[in-house]
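Undergrad: this one's structure only:
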């Protein structure tokens, strides 16, 4: 019975992939990547040109309006493609391309009502979950800076807000309080640590939103999830060549991206480590990332942008820990998990990282001043 289901699933995937296969027949469809939200597959075609592309099932429980996600992606990628044509870069840089179906649509709904899309595959590239060296750290920063630079002249009003409340920490805190009101968390040292940590950091939640509301930080376009493994590196030159995972590109604050990039990049142990008590925020990596970022982002940043950079780094680590912990308390309904305590383990990593950031506040703020 199980084997029949697996065979049927493979056949269905091939049929879906064929809707986007404009350059040959589908040879194989294999699970690809390690995303927590969408289901992703690598499709191989039997043609010399554009052999591979990426097929994804959009999680409509997360993205309630997937058509708007695709609309945003097309506006963004077409804008960046035009910008790149006018620039004289001395290095490789690519933007993902939205692939159309055989009847010219940017998505396909299968017989079960599931929402599918296809995007180009960045050939001869790879991604990493953990930072390996200073050169790689600078490239991560360069990638985010290039991403922001290429969309700095695209009015944020042109893109829909496809994920309302995303990176709005006060909203996550309200959700956490609602979950906590009905949950009965077990009294373990790990759970108690998380409960106490959140309680001590209530006042941190609104700091960036308050700065936006008062006009200190402008509304811009942001990536939304610029962690390490969303930056692709050329397998030969080892330089960054693209930023992927564009579902969360939307109006917001670039500080959410800067904070998220540094949060994920400056944790040498990685987000999935079980040894959470040894987590540190590596300030040497922080300096390299910021140098790479500012090498291409200085032209559109304001003095207030620099003032709030430390707050962004600290806040986003706390915010992600809050989201993981709330999901654990709610029964793991949002993030994919491999075992029941997976989201608790993830939360512990982020909260310990936040502690390390706070302990090194003076050092981090000096780095920001030195590289600006």
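TA: Cool, got the structure. As the structure is a prediction and not an experimental result, all values here were calculated from the model. Residues are numbered from 1 along each chain as shown.
Undergrad: Please parse the chain into its domains.
TA: 8-121, 134-371 (automatic domain parsing).
Undergrad: what about the last one, start to end distance?
TA: Between the start and the finish of domain 134-371 there is a gap of 15 Å, counting by Cα to Cα, to the nearest Å.
Undergrad: next one: phi and psi at the nearest residue to residue 217 once chain neighbours are set aside?
TA: Nearest residue to residue 217 in three dimensions, chain neighbours excluded: residue 211, at 4.5 Å (Cβ to Cβ, 6 or more residues apart in numbering). In this view, the C-beta of every residue, glycine as well, is placed from N, C-alpha and C. Dihedral pair for residue 211: phi -70, psi -40, per degrees, to the nearest 10.
Undergrad: which ones are touching residue 211?
TA: 217, 304, 308 (Cβ atoms under 8 Å, 6 or more residues apart in numbering).
Undergrad: still on that earlier bit, quickly compare the domains of the chain and say which is most buried.
TA: Comparing these by mean neighbour count (mean count of other Cβ atoms under 10 Å), domain 134-371 ranks first with a mean of 19.
Undergrad: Relative to residue 88, how far out is the residue nearest the centre of the chain?
TA: By Cα atoms, centre = their mean, the chain has its centre lying nearest to residue 225, at 1.9 Å. Distance, residue 225 to residue 88, using Cβ to Cβ, to the nearest Å: 30 Å.
Undergrad: Secondary structure class of residue 232, three-state.
TA: Following DSSP: H, G, I helix; E, B strand; the rest coil, residue 232 is assigned to strand.
Undergrad: ranges for the strands of the protein?
TA: 26-31, 39-45, 52-57, 98-99, 108-109, 115-120, 125-126, 220-222, 231-234, 240-243, 250-252 (DSSP state E).
Undergrad: so what's residue 247 up against?
TA: Applying Cβ under 8 Å, 6+ apart to residue 247 gives the contacts 37-38, 58, 63, 69, 73, 162-163, 224-225.
Undergrad: distance of it from residue 259?
TA: From residue 247 to residue 259 the distance is 19 Å (Cβ to Cβ).
Undergrad: Lowest average pLDDT across the domains of the chain?
TA: Among the domains of the chain, domain 8-121 carries the lowest mean pLDDT, at a mean of 89.
Undergrad: just how off-centre is that domain within its chain?
TA: Centroid separation between domain 8-121 and its chain, computed with Cα atoms, centre = their mean, to the nearest Å, is 17 Å.
Undergrad: now stretch 270-286
TA: What separates the centre of stretch 270-286 from the centre of its chain is 18 Å, taken as Cα atoms, centre = their mean.
Undergrad: Now tell me what touches that stretch from outside.
TA: With contact meaning Cβ under 8 Å, 6+ apart, stretch 270-286 is reached by 129-131, 134, 137, 227, 262, 264-269, 313, 317, 345-346, 348-350, 352-353, 356-357, 360, 363-364, 367.
Undergrad: Look at it and report the distance between its end residues.
TA: End-to-end distance for stretch 270-286, by Cα to Cα: 15 Å.
Undergrad: for stretch 198-208, same thing?
TA: By Cα to Cα, the extent of stretch 198-208 from end to end equals 17 Å.
Undergrad: residues making contact with that stretch?
TA: The contact list for stretch 198-208 (Cβ under 8 Å, 6+ apart) reads 169-170, 172-173, 176, 217, 253, 255-256, 308, 311-312, 314-315, 318-319, 322, 325, 354.
Undergrad: switch the cut-off to 7 Å
TA: By Cβ atoms under 7 Å, 6 or more residues apart in numbering, the residues outside stretch 198-208 that reach it are 169-170, 173, 176, 217, 253, 255, 308, 311-312, 315, 318, 322, 325.
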